[in-house]
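Q: Take this sequence and fold it.
(2 chains)
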Amino acid sequence: MSEPNQQISPAKLAWKRFKRNRAAIISAWFLIALLVAVVAWPMILKFGGTPFAQMHNPNEISDAQFNSPNAQHWFGTDLHGRDLFSRVLYGAQISLLVGIVGALVSFVIGVLWGAVAGYAGGRTDAILMRIVDVLYSLPTIIFVIVLFATVGEAMKQAHFVQNSPALEKSLRVILLFVGLGAVSWLTMARIVRGQVLSLRTRAFVEASRAMGAKPHWIIAKHIIPNIFGVAITYLALTMPAIILYESFLSFLGLGVQTPMASWGTLISDGVSQINPIRIYWWLIVFPGGILVATLLALNFLGDGLRDAWDIKNRS
Amino acid sequence: MPMYFVRRILFAIPLLLLISALAFALVHLAPGGPFDRERAPASPEIERHIRAKYHLDEPVWKQYLLYLGDLAHGDFGVSLKFRDHSVNDIIAQGLPVSMTLGGLAFCFAMIIGLPLGFWTAAKRGKWEDFAGSFFAILLVCIPAFVIAPILILIFSVKLQWLPVALWETPWHMILPPIALGLFFAGKIARIFREGMLQAAQSEFVTAARAKGLAEHTLLLKHATRIGILPVVSYAGPMLADLLTGSFVIESIFQIPGIGVFLVNSSLNRDYTVVVGLSLLYAMLLIGMNLAVDFVYTVLDPRVKYE
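A: Next comes the predicted model:
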């Protein structure tokens, strides 16, 4: 399996292919724009003058209840007259943060687990992969619900957080990082192991070993650069799954708690306002729409990366 | 080969034990108990009596062994919150509802997903493929808790064609399965398309084409049989997922299935209900995976288990 052009490195080749994928490029720009908006919006509020900042303060309760989208409130206002545009951007902080950090947690566990199993081989490999098989057959969603319900409730009652709401808030978010990362690493481990296993027997690795290279040299110089593409691709594909998990849990009331908001709690607030008389469509369409657009962009990005690194679909 | 399946079934027993132990440990080791939030604080003696009645004063490992003893007789225990209900009652009440909802959603997902997947594969590279594939990935990216309220706002509140919630007449049974099934429809379309494209490249299809078979017979009769395999392996766990109820859809439409029970019982520390429902779910999942492997041997003569 030799590359058609020996001068071009795999990463450059992948970048060339990626640039041609229009959906992936548009998605990347969308995600960058979203990130910039999420980071810049609090600063704009700070420097935008008092009336503007007050009107758009995501926690400022006002008389302007259930305003439909207009020039002042671009996404309308909610039950308490809070500006929905600001709330969606503030909710994005939690949703995106959990998605990124959770995916990184699953990335670290999965890559280490898979690389050790693949490189060590033999008995270690068999035991590590058997564990992955067993975990695969467990009902993840039940486990996540039970974990978050019990641990979350226990945290609420624990003494050391009762007089410090800030501590409880951050503990909740950390629980989301760790918990969601910890249930999402299985696919990554399997894929990395398969990759390492096949790399170990490839000619250039054998050649390097024959020339007297030590294992750490082989791992750093040959194994890691070659699993990089696969790992990055699955990192991009894990992120939407974790964002979805977080909003699902928050929707059920098990994730982040008020006054914190994520896209899941915003949609849940919108659902609780469904009534037969008035339709507050913006309460569902805007947070839901941003969530869908983000998931879509991440999926396109992941697919684009997979095509760019030319990863065959393996199960 | 029958030996293979016997071995798989035997392997499921330690797995179920492991799951029950995990669930048991998780609910019991977290601080707080089922009677912490009772309205009137009972006198210490009464509370002690209640705890003794449910063996909550014993060490956790002993409680677990007692639980396993009951389980061996098919008894999932008594709910600690709904005092006059056993877990068996809750399952008997909720499971048929969840299964109807899940079964309808499964049919809906197949009816939409399979033709969409076949069509996009047949039109590969044309604009129909791009439009259809985009639609499929869009469905995958719309969570049930976004599409369900939008469907309710359109069809129940605005047009007033369908009821907003509850689970009584057939009219109540239209929106929830659709909201639940759309995601899976998109998933199936994507998986089926991928499977068909791979099958179309395999040698037996080339051989059949060389013999002069018409292209549509080739796709429908020959490629489909192999192209459907990835869908089969996805459909098993998916069916287990759907049958045990969707937590979100049940809570939005106020459907009395077992999903709502699981969430509430976890919050309330209703130990027996949580462990019982987790076990039920795990049994369904393992059973479905076994069924998938069996169907595989029927569909693909190349697959052999030893």
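Q: I'd guessed B:Ser233 sits against B:Tyr296; true?
A: Yes: with contacts counted by Cβ atoms under 8 Å, B:Ser233 reaches B:Tyr296, the gap being 7.3 Å. All C-beta spots, glycine's among them, are computed from the backbone N, C-alpha and C.
Q: neighbours around A:Ile259, how many?
A: Quick fix: residue A:259 is Pro, not Ile. With neighbours defined by other Cβ atoms under 10 Å in any protein chain shown, the count for A:Pro259 comes to 10.
Q: Check for me that it belongs to a helix.
A: No: applying DSSP: H, G, I helix; E, B strand; the rest coil, one finds A:Pro259 to be coil, outside a helix.
Q: Report the spatially closest residue to it, excluding sequence-adjacent ones.
A: Distances taken as Cβ to Cβ, 6 or more residues apart in numbering or on different chains place A:Asn59 nearest to A:Pro259, at 6.4 Å, with adjacent residues excluded.
Q: For the one you found, give me phi and psi.
A: phi -110, psi 0 (degrees, to the nearest 10).
Q: Could you report the pLDDT at it?
A: According to the prediction, A:Asn59 has pLDDT 71.
Q: what's the distance between it and chain B?
A: Applying Cβ to the nearest Cβ, to the nearest Å, the value for A:Asn59 to chain B is 24 Å.
Q: now A:Leu45
A: From A:Leu45 to chain B the distance is 27 Å (Cβ to the nearest Cβ).
Q: Surely that residue and A:His56 touch.
A: Yes: in this structure A:Leu45 lies within contact range of A:His56 using Cβ under 8 Å: 5.8 Å.
Q: can you list residues touching both of these two?
A: A:Ser86 (Cβ atoms under 8 Å, 6 or more residues apart in numbering or on different chains).
Q: Who has more neighbours out of those two?
A: Neighbour comparison, A:Leu45 and A:His56: the larger count goes to A:His56, with 21 against 18 (by other Cβ under 10 Å).
Q: Report the central residue of chain B.
A: Nearest to the geometric centre of chain B sits B:Asp241, at 0.9 Å (Cα atoms, centre = their mean).
Q: What strand or helix carries whichever residue of chain B sits closest to chain A?
A: Taking Cβ to the nearest Cβ, chain A has its nearest neighbour within chain B at B:Ser266, 3.3 Å off. According to DSSP states H and E, B:Ser266 maps onto helix B:258-268.
Q: residues making contact with that helix?
A: A:142, A:145-146, A:149-150, A:153, A:252, A:254, B:27, B:34, B:37, B:79, B:81, B:90-91, B:94-95, B:97-98, B:244-247, B:249-251, B:270, B:273-274, B:277-278, B:280.
Q: out of the residues you listed, which are inside helices?
A: If you go by DSSP state H, these have A:142, A:145-146, A:149-150, A:153, A:252, B:27, B:90-91, B:94-95, B:97-98, B:247, B:249-251, B:273-274, B:277-278, B:280 in helices.
Q: Only whichever of those residues are buried, select them in PyMOL.
A: The PyMOL selection below is limited to those of the ones in helices among the contacts of helix B:258-268 classed as buried (16 or more other Cβ atoms under 10 Å in any protein chain shown):
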select buried, (chain A and resi 142+145+146+149+150+153+252) or (chain B and resi 27+90+91+94+95+97+98+247+249+250+251+273+274+277+278+280)
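Q: So which bits of the stretch 201-306 of chain B are right by chain A?
A: Within the stretch 201-306 of chain B, the positions adjacent to chain A are B:230, B:233, B:240-241, B:247-248, B:251-252, B:262-263, B:266-267, B:269, B:274, B:277-278, B:281-282, B:285-286, B:289 by Cβ under 8 Å from any Cβ of the partner chain.
Q: ok so, going back, where does the residue nearest to the centre of chain B sit: helix, strand or coil?
A: helix.
Q: do A:Asn70 as well
A: Following three-state DSSP, we place A:Asn70 in the coil state.
Q: Give me the buried positions along the host helix or strand of B:Gln63.
A: When elements are assigned from DSSP H and E, B:Gln63 belongs to helix B:60-72. Of the residues in helix B:60-72, B:63-64, B:67, B:71 count as buried by neighbour count, 16+ other Cβ under 10 Å.
Q: which residue ranges form the helices in the chain?
A: Just so you know, I chose chain A. Remark: helices assigned in chain A by DSSP H are A:10-20, A:22-47, A:50-56, A:84-120, A:122-136, A:140-157, A:159-162, A:165-182, A:186-200, A:203-210, A:215-218, A:224-252, A:263-272, A:282-308.
Q: you looked at the wrong chain, it should be chain B
A: Under DSSP H, chain B gives helices at B:2-29, B:44-53, B:60-72, B:87-122, B:127-141, B:144-151, B:175-200, B:203-210, B:215-217, B:224-227, B:229-243, B:247-252, B:258-268, B:271-299.
Q: Could you point out which of those helices sits nearest A:Lys19?
A: helix B:127-141 (19.2 Å; Cβ to Cβ).
Q: What is that closest one packed up against?
A: Under the contact definition 3 or more Cβ pairs under 8 Å, 6 or more residues apart in numbering or on different chains; DSSP states H and E, helix B:127-141 sits against helix A:282-308, helix B:87-122, helix B:175-200.
Q: go again using 10 Å as the cut-off
A: Secondary-structure packing of helix B:127-141 (3 or more Cβ pairs under 10 Å, 6 or more residues apart in numbering or on different chains; DSSP states H and E): helix A:22-47, helix A:224-252, helix A:282-308, helix B:87-122, helix B:175-200.
Q: what angle sits between the helix holding B:Ser266 and helix B:229-243?
A: 60 degrees (axes from the mean of the first three to the mean of the last three Cα atoms, to 10 degrees).
Q: And helix B:258-268, how far out from the chain middle?
A: In terms of Cα atoms, centre = their mean, to the nearest Å, the gap separating the centre of helix B:258-268 from the centre of its chain is 16 Å.
Q: What is the least confident helix or strand in chain B?
A: helix B:44-53 (a mean of 71; mean pLDDT, DSSP states H and E).
Q: Give me the most central residue, chain A.
A: A:Gly99 (2.3 Å).
Q: which one is that one nearest to, not counting chain neighbours?
A: The nearest residue in space to A:Gly99 (Cβ to Cβ, 6+ apart) is A:Ile243, at 3.9 Å.
Q: And for B:Tyr64?
A: In space, B:Tyr64 comes closest to B:Phe24 once its chain neighbours are excluded; the distance is 5.2 Å by Cβ to Cβ, 6+ apart.
Q: these two touch, right, that neighbour and B:Val60?
A: Yes: if you go by Cβ atoms under 10 Å, B:Phe24 and B:Val60 touch, sitting 7.6 Å apart.
Q: Could you list the low-pLDDT ranges of chain A?
A: In the predicted model of chain A, residues A:1-8, A:48-55, A:71, A:81, A:156-163, A:310-315 satisfy pLDDT under 70.
Q: Output the residue of chain A whose distance to chain B is smallest.
A: A:Ala149 (3.3 Å).
Q: ok, now how distant is that residue from B:Asn268?
A: Relative to B:Asn268, A:Ala149 is positioned 9 Å away (Cβ to Cβ, to the nearest Å).
Q: which residues are in contact with both of the two?
A: Shared contacts of A:Ala149 and B:Asn268 (Cβ atoms under 10 Å, 6 or more residues apart in numbering or on different chains): B:Val274.
Q: What is the burial count for the residue nearest to A:Leu266 when sequence neighbours are not counted?
A: Distances taken as Cβ to Cβ, 6+ apart put A:Pro287 closest to A:Leu266, at 3.9 Å, once the chain neighbours are dropped. Residues lying near A:Pro287 (other Cβ under 10 Å) number 29.
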